[in-house]
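> This is the structure alone, sequence omitted:
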Ligand SMILES: Cc1ncc(COP(=O)(O)O)c(C=O)c1O
């Protein structure tokens, strides 16, 4: 058997999945041309893949920046990007109320590398900026902002923040909960933008992936780290993500509309105490939302008029959403935050993070929003006090 591929059949409208470990070269001259960047061919599956490239081009276009990289998960995009730039004796300041594993990474891994990490609470905007001012130093290499934050959807005044930091500090914005459809952080000074594509961008609950986007210069530095650290996405997951991006804008329009409908229903219910949705005037960051967001997505967090046990009964009584910890996909999902994502946190930590016993996070799906609202209404009637 000859040891080289005999066919070259590459005019499919859909890029097939390049489910391969390695690429072959025709001869040594081609190898040299590859090293000299004179030809655009693959070398090895940890460095190159056409399915990644398609995703990366689309994400860079959506984020309106020069380039992007795709990773095996949102966490991997964050870890690789931060480790590319943070050095011993640097300081990293982050929004303290953020996704649990991002906080865990900052608190438990970075100090081992002598990187100082400082959480600043973004719930109160004025206090956030004041506290930020006192914590900011010359050696602050990275400011990491999760906005909207998970699960309260807190925002940050990015322009004001940018005016508080020097040119040697990188502003990284995790924009997973707004997506490029609802927010363009680079317009307000973000140097790097992170998306967990396991959520809205993937949108079908069937892949894990993450991206970082920014200038070619920054992305090339991160690419070297991705090549070494190997947090690459499986080609088939990249294929699925690429397919999902074709319907991304249509899906986001639905999420924005359905999310607002559910949030308005919840706000008008006498059985609901508080609704966290940036499209409602009652959200503390409604005004920031008007400035930075063009839509508010399909995630709504809310506190019902119930204690811990009745809140559990409420989520147990729902029949339309799955109980589980994801958002932005076809299935509506619900969780009682204190006993799901935050179960292992101490009561004191939960209190600091604003995770009350009656806090519920809901993500709408692509199904009938009226049916979801009816289901919530029935469950509230059955389990809450007026
Ligand atoms: C805001 C945010 N960023 C990052 C992540 C991590 O993404 P992934 O699950 O793709 O690793 C999550 C996951 O829930 C998240 O909510």
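Nice, thanks for sending it over. Bear in mind that the values here come from a model prediction, so they are computed numbers and not experimental data.
> so what pLDDT did the residue nearest in space to the middle of the chain get?
Centroid-nearest residue in the chain: residue 176, 2.5 Å away (criterion: C-alpha atoms, centre = their mean). Residue 176 is assigned 98 on the pLDDT scale.
> helix/strand/coil for it?
Following DSSP: H, G, I helix; E, B strand; the rest coil, we place residue 176 in the coil state.
> ok, now residue 117?
Here residue 117 is recorded as strand under three-state DSSP.
> which SS state does the spatially closest residue to it that is not a sequence neighbour fall under?
If the residues on either side of it in the chain are set aside, residue 117 comes closest to residue 106, at 4.5 Å by C-beta to C-beta, 6 or more residues apart in numbering. From N, CA and C alone the C-beta is placed, and that goes for glycine too. Three-state assignment for residue 106 (three-state DSSP): helix.
> what's the neighbour count on residue 106?
By other C-beta atoms under 10 Å, 24 other residues sit near residue 106.
> So it sits against residue 92, correct?
Yes. Counting by C-beta atoms under 8 Å, residue 106 touches residue 92, with 6.6 Å between them.
> what number of residues lie near residue 118?
Close neighbours of residue 118, defined as other C-beta under 10 Å, add up to 18.
> list residues touching both of residue 106 and residue 92?
Taking C-beta atoms under 8 Å, 6 or more residues apart in numbering as the contact rule, residue 106 and residue 92 both touch 117, 144.
> Now do the helices in the stretch 1-150 of the chain.
In the stretch 1-150 of the chain, the segments counted as helices under DSSP state H, counting those that start in this stretch are 28-35, 50-63, 74-85, 100-104, 125-135.
> for the ones you listed, which one sits closest to the ligand?
The ligand lies closest, by C-beta to the nearest ligand atom, to one member of the helices of the stretch 1-150 of the chain: helix 74-85, at 2.5 Å.
> now stretch 366-382: mean pLDDT?
Stretch 366-382 shows a mean pLDDT of 97.
> which residues sit against it?
Outside stretch 366-382, the residues that reach it (C-beta under 8 Å, 6+ apart) are 251, 254, 257-258, 261-262, 265-266, 269, 271-272, 304, 313-315, 317-321, 330, 332, 362, 364-365.
> Buried residues, it. List them.
366, 369, 372-373, 375-376, 379-380 (16 or more other C-beta atoms under 10 Å).
> Same question for stretch 292-310.
Neighbour-count burial for stretch 292-310 [16+ other C-beta under 10 Å]: 292-293, 295-306, 310.
> near the ligand, from those residues?
By C-beta under 6 Å from any ligand atom, no member of the buried residues of stretch 292-310 lies near the ligand.
> Which of those residues fall within helices?
Taking DSSP state H, the ones among the buried residues of stretch 292-310 that sit in helices are 292, 310.
> what's the closest of the buried residues of stretch 292-310 to the ligand?
After measuring those against the ligand - C-beta to the nearest ligand atom - the closest member comes out as residue 299, at 9.3 Å.
> now the contacts of stretch 366-382: which count as buried?
251, 258, 261-262, 265-266, 269, 271-272, 304, 313-315, 318, 320-321, 332, 362, 364-365.
> Residue 58: neighbour count?
21.
> again, but for residue 170
By other C-beta under 10 Å, the residues close to residue 170 number 22.
> For it, list each beta-bridge partner.
Beta-bridge pairing for residue 170 (DSSP bridges): residue 142.
> just to revisit the earlier point, please report the distance of the residue nearest to residue 117 from residue 133.
Distance, residue 106 to residue 133, by C-beta to C-beta, to the nearest Å: 20 Å.
> and residue 327, what element?
Under the assignment given by DSSP states H and E, residue 327 is not contained in any helix or strand.
> What lies in contact with the lengthiest helix in the chain?
In the chain, with assignment by DSSP H, the single longest helix is helix 248-268. Helix 248-268 is contacted from outside by 62, 179, 181-182, 200-201, 203, 272, 275, 277, 279-280, 282, 295-300, 302, 328, 362, 364, 366, 369, 372-373, 376-377, using C-beta under 8 Å, 6+ apart.
> Report the inter-axis angle for that helix versus helix 50-63.
60 degrees (axes from the mean of the first three to the mean of the last three C-alpha atoms, to 10 degrees).
> And this protein, what are its domain boundaries?
Following the assignment in automatic domain parsing, the chain carries domains at 49-246, 248-383.
> How far away from the center of its chain is the last one?
To tie it back to what came earlier, the one meant is domain 248-383. Domain 248-383 has its C-alpha centroid displaced from the chain centroid by 17 Å (C-alpha atoms, centre = their mean, to the nearest Å).
> repeat for the longest one
Domain 49-246 sits 8 Å away from the centroid of its parent chain (C-alpha atoms, centre = their mean).
> per-residue confidence averaged over stretch 109-124?
Across stretch 109-124, the average pLDDT comes to 98.
> tally of neighbours for the one residue in the stretch 151-300 of the chain that gets nearest to the ligand?
Of the stretch 151-300 of the chain, the residue with the smallest distance to the ligand, taken as C-beta to the nearest ligand atom, is residue 196 at 3.1 Å. Neighbour count of residue 196, defined by other C-beta under 10 Å: 29.
> shouldn't it be in contact with residue 176?
Yes. Judged on C-beta under 8 Å, residue 196 makes contact with residue 176 at a distance of 4.4 Å.
> Make sure residue 212 is indeed in a strand.
Yes. Assigned with three-state DSSP, residue 212 falls within a strand.
> Please give me every residue in contact with it.
Residue 212 makes contact with 68-69, 71, 77, 80-81, 192-194, 219, 222 under the criterion C-beta under 8 Å, 6+ apart.
> Any chance of CSV for the buried residues of stretch 366-382, columns secondary structure and distance to residue 138?
Formatted as CSV, the buried residues of stretch 366-382 follow (DSSP: H, G, I helix; E, B strand; the rest coil; distance: C-beta to C-beta, whole Å):
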residue, secondary structure, distance to residue 138
366, coil, 48
369, helix, 50
372, helix, 50
373, helix, 52
375, helix, 54
376, helix, 50
379, helix, 53
380, helix, 52
